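[1] attaching a predicted model along with its sequence, questions to come.
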Amino acid sequence: MSDFTIRTTYKPGEGYFGYLPGSDKPALRWGDEFRAMMAEKAAQRKAEEAAAEPFTRAELTQEDIKELAAKYAPDDMTQEEYDAFLDDLIEKGVMEKEDLKYIDYRGDLIPNGQFVRVSSADPSLWEEGGGLICVSSWTGDFRPSYTAFDARPDSANVLAWAKEISLWKPHGPSGSLSDAANRRYDIYTTLAKALDAMQRQRIKNGL
């Protein structure tokens, strides 16, 4: 049986770091200093958001749709392509960077609409006060084609995935969880609309 030991380090002023075997990027962070740093950054981010103008989503133009359709196949995207696609939508004003915390950016793609990672963390965002990227759930077939520990496929049908998630409109009183669910619904509805337009363009172009 292989040895699974988490390597730990400590940095004054930043707290403890935990590394998985074979990785030089921290998978865990903890300690009073880390919590204080996150609280300070969260307060700063909240103040910046309160002072900022409300974000209004732009609509993709026909030229935008043609450009994106030539770059990406909505029904067959790798994780790298999906991340690049989200970056393009941010550049075009359709999404904002804050949206990335609610979807699987730099996370795990769903294979053919079957599985979304239950929680996905990106340590590179911790210094910006972020880290938790998504809170997702099982979808598609009740029994996925593989378990969470099996090898994942190289690409996925992101169009089907976004369409399915956009069907689940949250209901209930306002609160931190329901507000996050409503925002996630809005994001995936936006994604589904963009991806559907791209797919129609690709069919029109014979791609």
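    It's in. Numbering: from 1, shown residues only.
[2] and the pLDDT at residue 48?
    Note for residue 48: predicted pLDDT of 79.
[3] after the helix or strand of the chain with the lowest mean pLDDT, next one along is what?
    Across the helices and strands of the chain, the lowest-confidence element by mean pLDDT, DSSP states H and E is strand 132-135, at a mean of 37. Proceeding N to C from strand 132-135, the next assigned helix or strand is strand 155-156, under DSSP states H and E.
[4] pLDDT of that following strand, averaged?
    Per-residue scores along strand 155-156 average to 76.
[5] now do the domain split for this protein, please.
    1-52, 57-204 (automatic domain parsing).
[6] just the ones you listed: most buried one?
    The highest average neighbour count among those, using mean count of other C-beta atoms under 10 Å, belongs to domain 57-204 at a mean of 17. For glycine as for every other residue, the C-beta is placed from the backbone atoms N, C-alpha and C.
[7] thinking again about what came up before, could you tell me the least trusted of the domains of the chain?
    Of all these, mean pLDDT reaches its minimum on domain 57-204 (a mean of 73).
[8] so which elements touch the one helix or strand residue 160 maps to?
    Assigned by DSSP H and E, residue 160 belongs to helix 158-166. Packing partners of helix 158-166 (3 or more C-beta pairs under 8 Å, 6 or more residues apart in numbering; DSSP states H and E): helix 176-204.
[9] any idea of the angle the helix it packs on forms with helix 158-166?
    140 degrees (axes from the mean of the first three to the mean of the last three C-alpha atoms, to 10 degrees).
[10] name the helices or strands packed onto helix 176-204?
    With 3+ C-beta pairs under 8 Å, 6+ apart as the test, helix 176-204 has helix 62-71, helix 158-166 packed against it.
[11] residue 8: which of the ones you listed is closest?
    When these are compared by C-beta to C-beta, helix 158-166 sits nearest residue 8, at 36.1 Å.
[12] using PDB, write out every CA atom in the closest one.
    The C-alpha trace of helix 158-166 is given here as PDB (Å, rounded to 0.1, in the frame of the first residue of the first chain):
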ATOM      1  CA  VAL A 158     -20.300  21.500 -21.800                       C
ATOM      2  CA  LEU A 159     -23.400  22.600 -23.800                       C
ATOM      3  CA  ALA A 160     -25.500  19.700 -22.400                       C
ATOM      4  CA  TRP A 161     -24.000  20.300 -18.900                       C
ATOM      5  CA  ALA A 162     -24.900  24.000 -18.900                       C
ATOM      6  CA  LYS A 163     -28.300  23.400 -20.300                       C
ATOM      7  CA  GLU A 164     -29.100  20.800 -17.700                       C
ATOM      8  CA  ILE A 165     -28.000  22.900 -14.800                       C
ATOM      9  CA  SER A 166     -29.800  26.000 -16.100                       C
END
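[13] tell me which residues touch residue 189, please.
    Shown in contact with residue 189 (C-beta atoms under 8 Å, 6 or more residues apart in numbering): residue 166.
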